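Sequence and predicted structure are below.
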Amino acid sequence: MMTEKNTIPYKIYLEEHEIPTQWYNMRADMKNKPAPILNPGTLQPMTAEELGHVFCDELVKQELDDTTPYFDIPQEIQDFYKMYRPSPLVRAYCLEKALDTPAKIYYKFEGNNTSGSHKLNSAIAQAYYAKKQGLKGVTTETGAGQWGTALSMACAYLGLDCQVYMVKCSYEQKPFRREVMRTYGASVTPSPSNTTNVGRKILAEFPGTTGSLGCAISEAVEAATTQEGYRYVLGSVLSQVLLHQSIIGLETKAALDKYGIQPDMIIGCAGGGSNLGGLIAPFMGEKLRGEKDYRIIAVEPASCPSFTRGKYAYDFCDTGMVCPLAKMYTLGSGFIPSPNHAGGLRFHGMSTVLSQLYHDKLMEATSVEQTAVFEAATKFARTEGILPAPESSHAIKVAMDEALKCKETGEEKTILFGLTGTGYFDLVAYEKFNNGEMDDYIPTDADLEKGFAGLPKVE
Ligand SMILES: *Cc1c(COP(=O)(O)O)cnc(C)c1O
């Protein structure tokens, strides 16, 4: 074991031929499988045929497969990955020094591509399967814009049409994100819009609404199912997305193994759960098979606390209630979080896979407040140089807290966290923080009860 300082480089890179060629499906090693997604009409598990109206066939197979541990990554996707992967695994020597901690901190940096986040890992996979099926295009929603950007890049590469429903407040607040998507050839519609039935219905009921992710999902699904040759794709939450994102964890593990390093804890932010599910995948696999043990921590915003204050129940994934029901930790599909600045963490629910793992106490969750997150982001930017996305900064905050605990106890723990993206499009949020104008709204129990009241009665 090389434990001496400086024997570990600042960045551990993999050679091109060391990039994993298979994705890993954690569900195969789970004793308690995630609960099946249900048809909202019949309350029966969704069949492949039903899902095939909305999603690409190959992705439906991946979505429903709880038993196959490894899926080959098609060569075309491997080739695309090589344009921006392997992503660096960084030893945060500068941050360790600034914190004066004996802890060893590593982060996997996924912001090294134009979309600025990990979302490209699944975008290229989903676009590839759509193309292979001979489709004309795909529809999707985007909140903060990272997913829409990633998907536009992937669709441009493969020559597919890309229609993005962008939550109206982001569409107006983030014109630059919108223009990146349009530059890659996507059409971007502010949601709710009057181009769909569900959009018109929501507009009639809530005139002046600035939209939500759940509402944009409903519109994108309707757009996919009413146009010939189109399917809907989703950037998080689904089990297929966690499968594609396992590339993050597999690369991390391969890099750490080169130096005989084993993390004591793995920390990631959780919006819909895809980056965290991807980062922990091979480590959780070892834990599930009883080979090794790790502390795994999901970090969510105190303003949208699905794990820490949500209910484990069947719920809708969208506001229009057209999507299947998923059993997950949820705040209720009617819950609209206060407008915090981590757009990617504002979904009311959570991946069914992570929900089951959390329910089985195989992982922990914690929530953090916005101002503290930006304090950590600023400290990180000033020491490690990277301007982090607000979403990623939730993980930074908890990694720093854990490193400071090590300072008190003198323990040399190894901390690994996921740095999911960069914050160049979040400078309005940084401006608020720098001006001392950021608030820390936390929903009251009464606010949450309103969301829970709308949960469907299933069991
Ligand atoms: C979308 C996003 C997230 C949250 O989504 P998950 O599916 O929970 O990973 C986190 N960080 C960034 C930068 C994102 O774009």
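That came in fine, so what should we check first? On a predicted model such as this, the values are computed, not experimentally measured, just so you know. Numbers count the residues shown, from 1 in each chain.

ok, now how distant is the nearest residue to Phe316 once chain neighbours are set aside from the ligand?
Using C-beta to C-beta, 6 or more residues apart in numbering and skipping residues adjacent in sequence, the residue nearest Phe316 is Ser333, 4.1 Å away. (Glycine included, C-beta is placed from N, CA and C.) Distance, Ser333 to the ligand, by C-beta to the nearest ligand atom, to the nearest Å: 17 Å.

Tell me which residues touch Ser333, please.
214, 315-319, 321, 348-349, 451, 454 (C-beta atoms under 8 Å, 6 or more residues apart in numbering).

Looking at those residues, which is nearest Tyr329?
Gly349 (7.1 Å; C-beta to C-beta).

residues contacting the closest one?
With C-beta under 8 Å, 6+ apart, Gly349 has these contacts: 237, 272, 306, 310, 315, 317, 326, 328-331, 333.

Could you save the residues you listed as JSON lines and add columns showing pLDDT and secondary structure?
JSON lines is the format used below for the contacts of Gly349 (pLDDT from 0 to 100; DSSP: H, G, I helix; E, B strand; the rest coil):
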{"residue": "Val237", "pLDDT": "94", "secondary structure": "coil"}
{"residue": "Gly272", "pLDDT": "95", "secondary structure": "coil"}
{"residue": "Ser306", "pLDDT": "97", "secondary structure": "helix"}
{"residue": "Gly310", "pLDDT": "98", "secondary structure": "coil"}
{"residue": "Asp315", "pLDDT": "96", "secondary structure": "strand"}
{"residue": "Cys317", "pLDDT": "88", "secondary structure": "coil"}
{"residue": "Ala326", "pLDDT": "96", "secondary structure": "strand"}
{"residue": "Met328", "pLDDT": "98", "secondary structure": "strand"}
{"residue": "Tyr329", "pLDDT": "98", "secondary structure": "strand"}
{"residue": "Thr330", "pLDDT": "97", "secondary structure": "strand"}
{"residue": "Leu331", "pLDDT": "95", "secondary structure": "coil"}
{"residue": "Ser333", "pLDDT": "88", "secondary structure": "coil"}
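
Looking at those, which one is closest to Gly423?
Nearest to Gly423, judged by C-beta to C-beta, of the contacts of Gly349 is Gly272 at 19.2 Å.

now the closest one: how far from Gly211?
Between Gly272 and Gly211 the distance is 17 Å, computed by C-beta to C-beta, to the nearest Å.

And for Ile415?
37 Å.

more neighbours, these two?
Neighbour tally, Ile415 and Gly211, criterion other C-beta atoms under 10 Å: the higher count belongs to Gly211, 28 against 25.

Now do the contacts for that one.
Neighbour list for Gly211: 167-169, 190-192 [criterion: C-beta under 8 Å, 6+ apart].

cool, Val322 as well?
40, 198, 218, 221-222 are the contacts of Val322 under C-beta under 8 Å, 6+ apart.

Could you rerun that using 7 Å?
198, 218, 221-222 (C-beta atoms under 7 Å, 6 or more residues apart in numbering).

out of those residues, which is most surrounded?
Of the contacts of Val322, with other C-beta under 10 Å as the count, Ser218 tops at 30 neighbours.

right, and it touches Asp318 too?
Yes - counting by C-beta atoms under 7 Å, Ser218 touches Asp318, with 4.5 Å between them.

from the contacts of Ser333, which is closest to the ligand?
Distance to the ligand, by C-beta to the nearest ligand atom, is smallest for Gly349 among these, at 10.9 Å.

so is that closest one in a helix, a strand, or just coil?
With DSSP: H, G, I helix; E, B strand; the rest coil as the basis, Gly349 sits in coil.

Give me the contact list for the helix or strand of the chain with the lowest mean pLDDT.
Counting by mean pLDDT, DSSP states H and E, the chain has its least confident helix or strand at helix 168-173, which shows a mean of 89. The contact list for helix 168-173, computed with C-beta under 7 Å, 6+ apart, reads 143-145, 178, 190-192, 210-211, 339, 343, 428.

so where do the strands sit in the stretch 101-250 of the chain?
104-109, 137-142, 161-167, 187-191, 230-232 (DSSP state E, counting those that start in this stretch).

who wins for proximity to the ligand among those?
Closest among these, once you apply C-beta to the nearest ligand atom, is strand 137-142, at 9.3 Å.

ok, is the closest one in contact with the ligand or not?
No - contact of strand 137-142 with the ligand (C-beta under 6 Å from any ligand atom) is absent, the minimum separation being 9.3 Å.

who in the stretch 351-459 of the chain is up against the ligand?
389, 391-392, 420-421.

ok so, going back, from the contacts of helix 168-173, which single one is nearest the ligand?
Distance to the ligand across the contacts of helix 168-173 (C-beta to the nearest ligand atom) is lowest for Ala144, with 6.5 Å.

Low-confidence ranges, the protein, go.
Applying pLDDT under 70 to the chain flags residues 1-6, 459.

State the distance from Ile37 to Ala326.
Taking C-beta to C-beta, one finds Ile37 at 5 Å from Ala326.

The nearest residue to Ala35 once chain neighbours are set aside: neighbouring residues, count only.
Nearest non-adjacent residue to Ala35, counting by C-beta to C-beta, 6+ apart: Lys327, 3.6 Å away. Neighbour count of Lys327, defined by other C-beta under 10 Å: 21.

ok, Lys327 touching Phe316?
No - using C-beta under 7 Å, Lys327 is not in contact with Phe316; the gap is 11.7 Å.

Quick check: which element contains the residue nearest to Ala35?
strand 325-330 (DSSP states H and E).

Tell me where the stretch 301-450 of the chain has strands.
According to DSSP E, counting those that start in this stretch, the strands that the stretch 301-450 of the chain contains are 311-316, 325-330, 364-368, 414-419.

got a markdown table for those, with distance to Gln245 too?
Listed next are the strands of the stretch 301-450 of the chain as a markdown table, based on distance: least, C-beta to C-beta, whole Å:
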| stretch | distance to Gln245 |
| --- | --- |
| strand 311-316 | 22 |
| strand 325-330 | 17 |
| strand 364-368 | 18 |
| strand 414-419 | 10 |
